[in-house]
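Peer 1: turn this into a model:
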Amino acid sequence: MKIVPVVRKAALKDIDEELEDMNYWLSRPAHERMAAVTQLISKSLKPGQRMDKTIVVKSVPNRIK
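Peer 2: From the prediction side, this is the model:
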């Protein structure tokens, strides 16, 4: 498999990387997004350290009366 370089020329002021990143990740399936988040978290942990899963924030949706 050969990797083909991709080049795009644009003025820096015209590039919105945050929007491009968001659009990219929204286009990926949920399992791929979760795998990426898990990998990033794993890289930030020290050897032998586990992710703290005890803090959970649950929000109750506003109910229309």
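Peer 1: contact partners for Trp25?
Peer 2: Contacts for Trp25 were tallied using CB atoms under 8 Å, 6 or more residues apart in numbering; they are 33, 36. Where you see a C-beta, it was placed from the backbone N, CA and C, and this is true even at glycine.
Peer 1: over to it: give its phi and psi.
Peer 2: Per-residue torsions, Trp25: phi -70, psi -30 (degrees, to the nearest 10).
Peer 1: quick check: it vs Ala36, distance?
Peer 2: Separation of Trp25 from Ala36 (CB to CB, to the nearest Å): 8 Å.
Peer 1: same deal with Ile15?
Peer 2: For Ile15 relative to Ala36 (CB to CB), the value is 22 Å.
Peer 1: what of Pro29?
Peer 2: Distance of Pro29 to Ala36, computed by CB to CB: 11 Å.
Peer 1: contacts for the helix ranked longest in the chain, please.
Peer 2: Counting by DSSP state H, the longest helix found in the chain is helix 30-44. The contact list for helix 30-44 (CB under 8 Å, 6+ apart) reads 25, 28, 51.
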